[in-house]
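[1] Take a look and give me a structure for this.
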Amino acid sequence: MNEYTFPIQSADWKTEKHVPVIDVQKKIKAGEHFKVAVSVGKEIPHPNTTEHHIGLIVLTFHPDGEKFPYEIGRFALVAHGSSAKGPNTSTVYSIPEVVCTFKTEKSGNILAISYCNIHGFWSSSVHIDVM
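    Numbers count the residues shown, from 1 in each chain. Reported below is the predicted structural model:
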């Protein structure tokens, strides 16, 4: 069998700085565009250094009753203070916050996954109702 698995951790974002926080309306009108914001470190700031940072946020949507989810966005966060002068010498830093807009005709679960270069993958999800 050829299987690749890796742990995805989850926790309460109010006590764990790695968990992606999904900000979205819970009731959506069918077929209308709506915004989904995802941030990491909302309550407890996550370090943003060359050595320790959030490098990726992935946003998916799994419609109720469907077998597979849809990837809505994949956001690489690649500026963490590194430069030719060495670690943490740049003045440019990515902030782990993204906004994505999409539409759907079905209710379902929005899943966000964040990746910390030290502590791995973290996830959270929110169910939306489409009217």
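[2] wait, isn't Lys106 in contact with Tyr70?
    No - if you go by C-beta atoms under 8 Å, Lys106 and Tyr70 don't touch, sitting 10.5 Å apart. Bear in mind the C-beta positions are built from the backbone N, C-alpha and C, glycine included.
[3] Give me the common contacts of these two.
    Residues touching both Lys106 and Tyr70 (C-beta atoms under 8 Å, 6 or more residues apart in numbering) are Pro63.
[4] quick one: strands adjacent to the helix or strand hosting Ile113?
    Assigned by DSSP states H and E, Ile113 belongs to strand 108-116. Paired neighbours of strand 108-116 in the sheet (DSSP bridges): strand 54-63 (antiparallel), strand 120-130 (antiparallel).
[5] Quickly compare the ones you listed and say which is most buried.
    strand 54-63 (a mean of 20; mean count of other C-beta atoms under 10 Å).
[6] following it, which helix or strand shows up next?
    Of the helices and strands lying after strand 54-63 in sequence (DSSP H and E), the nearest is strand 70-76.
[7] So what touches the following helix or strand past that next one?
    Following strand 70-76 in sequence order, the next helix or strand is strand 97-102 (DSSP H and E). Contact with strand 97-102 is made by 33-40, 57, 59, 61, 72-73, 75, as judged by C-beta under 8 Å, 6+ apart.
[8] tell me the two of the residues you listed that are most distant?
    His33 and Val40 (24.1 Å; C-beta to C-beta).
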